[in-house]
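Asker: Output the structure for:
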Amino acid sequence: MSRVGQVPVKIPAGVNVTVAGETVTAKGKLGELSIVVHKLVEIVEEGDAIVVKPREDSQRAKTLWGTTRANINNMVRGVSEGFTRNLDIVGVGYRAAIDGKTLVLQLGYSHDVRFPIPSDIAIKCERPTAITISGADRQKVGQVAAVIRGYRKPEPYKGKGIKYSDEILIRKEGKKK
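Answerer: Numbering: from 1, shown residues only. Down below sits the predicted model:
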C-alpha cells in the first residue's frame, strides 16, 4: 500500500487547483502547470486539499497512486514556491556568463558552449563559477541542470567540471612514482 499516496496534497493560499476529468491544473504566482492523470487513479477535491485514490486494487493502480500524488504535490509546490538547482564550476579558466537568452560556458574546449535558455526557466550567474537554475516545473529544472552538467562532468582526479552544489565527489588517487 502506498504511504505517499495516502497523504492529501495541501493547497496553499494563492494557488488555484482545478480538476476537470483526468486533467489537474494548478495556477499560482509562478505560472500554470497541468498534468493528465491515468484512468486507474481518482482525484477528489476536499476543501483545501486534494486526495488521490486508486480506482481498483491492482499493483499498477497502487504504483500510479503514489506517483500521481507526488506529481500533483510537485505541481502545487512549483507554482507557489518554485524549484531551484545550483551548479558549481570547478577548474582553472572554467566560467559561465549570461548573454541575452543564452548561457555561455567556457569549459576548456576550443570553443564556447552556448546553451539556449528555455522560456519558462530562469538561469542566473551570481559568480562566474556558480549557476542557479529555477522554475516552476521540477522535472524541467532538473533536466536543464543535468544537460548543463553533462557538458563537462566532474572528473574524479582533480574534481574539474560542472557539479551540483550539494554533490559529493569521490576523489581518486593519482599515479605514484
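Asker: Could you list the domains of this protein?
Answerer: Following automatic domain parsing, the chain resolves into domains at 3-80, 83-164.
Asker: what about this protein, any weak spots by pLDDT?
Answerer: Residue ranges of the chain with pLDDT under 70: 1-2.
Asker: rewinding a little: may I see the domains of the chain arranged in CSV, with distance to Lys176 and mean neighbour count as well?
Answerer: Every C-beta, even on glycine, is put in place using the N, C-alpha and C of the backbone. Output for the domains of the chain, formatted as CSV (distance: least, C-beta to C-beta, whole Å; neighbours: other C-beta atoms under 10 Å):
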stretch, distance to Lys176, mean neighbour count
domain 3-80, 48, 16
domain 83-164, 13, 16
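Asker: With distance to Glu173 added, can I get those in a markdown table?
Answerer: A markdown table is the format used below for the domains of the chain (distance: least, C-beta to C-beta, whole Å):
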| stretch | distance to Glu173 |
| --- | --- |
| domain 3-80 | 40 |
| domain 83-164 | 8 |
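Asker: closest one to Ile170 among those?
Answerer: Proximity to Ile170, assessed across the domains of the chain by C-beta to C-beta, is greatest for domain 83-164 (6.6 Å).
Asker: Next, the contact list for Ile133, please.
Answerer: The contact partners of Ile133, by C-beta atoms under 8 Å, 6 or more residues apart in numbering, come to 84-87, 121-123, 141, 144-145, 148.
Asker: Could you measure from it over to Ile123?
Answerer: 5 Å (C-beta to C-beta, to the nearest Å).
Asker: shared neighbours of these two, anything?
Answerer: With C-beta under 8 Å, 6+ apart as the test, Ile133 and Ile123 both reach Val144.
Asker: give me the number of residues near Ser165?
Answerer: When neighbours are defined as other C-beta atoms under 10 Å, Ser165 has 11 of them.
Asker: residue ranges for the strands of this protein, please.
Answerer: Remark: strands assigned in the chain by DSSP state E are 9-10, 16-20, 23-28, 31-36, 41-46, 49-54, 83-90, 95-99, 102-106, 113-116, 121-127, 130-135, 161-164.
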